[in-house]
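K.L.:
Got a sequence here, can you build the structure:
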Amino acid sequence: MEHKFAIVFANEMNFKMVGTAPHTPTIIESMNNYAKGAYIATRSQPMSPTGIPCTANHLRHYDAVLVPLAVDAGLGELGRLGYLMTKELAQESGSPL
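P.N.:
A predicted model of the protein is given here:
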């Protein structure tokens with residue numbers, strides 16, 4: 001199904017876990033956040049009864065490439081590891097970004 005609009009959100013990742021890339025803690029933190037994102041996206045499905053067609057896009061099902069969609073929404077920029085990088089979440093976590 002083709003949609004005209006998207007609701008995009010970001011989850012903060014633990015900088016200490018991600019800073020070890022490409023090692024196991026990074027993979028664990030990434031998968032943990034993908035699971036959180038899937039939960040949030042599927043809980044947002046109640047928009048469907050309003051007549052607005054919607055599809056939850058997440059790790060196990062997506063029709064759009066998610067990080068570029070978040071960049072287009074103005075949430076941040078594409079990072080070196082393919083993650084969305086945001087100044088707001090980086091400052092909260094104390095990362096050097």
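K.L.:
which parts of stretch 74-81 are buried?
P.N.:
75-76 (16 or more other C-beta atoms under 10 Å). All C-beta spots, glycine's among them, are computed from the backbone N, C-alpha and C.
K.L.:
shaky segments in this protein?
P.N.:
Along the chain, the parts satisfying pLDDT under 70 run over 1, 20-21, 44-49, 89-97.
K.L.:
Could you pull out the strands in it for me?
P.N.:
Using DSSP state E, the strands of the chain run over 77-78, 84-85.
K.L.:
Among those strands, which comes closest to residue 70?
P.N.:
strand 84-85 (4.8 Å; C-beta to C-beta).
K.L.:
How about residues contacting the closest one?
P.N.:
10, 67, 70-71, 75-79, 97 (C-beta atoms under 8 Å, 6 or more residues apart in numbering).
K.L.:
Select from the residues you listed every entry located in helices.
P.N.:
Under the assignment DSSP state H, the contacts of strand 84-85 contribute 67, 70-71 to helices.
K.L.:
of all the strands of the chain, which lies closest to residue 19?
P.N.:
The nearest among the strands of the chain, by C-beta to C-beta, is strand 84-85 at 12.9 Å.
K.L.:
I'd like to know which of the ones in helices among the contacts of strand 84-85 is nearest to residue 31.
P.N.:
Nearest to residue 31 among the ones in helices among the contacts of strand 84-85, with distances taken as C-beta to C-beta, is residue 67, at 15.5 Å.
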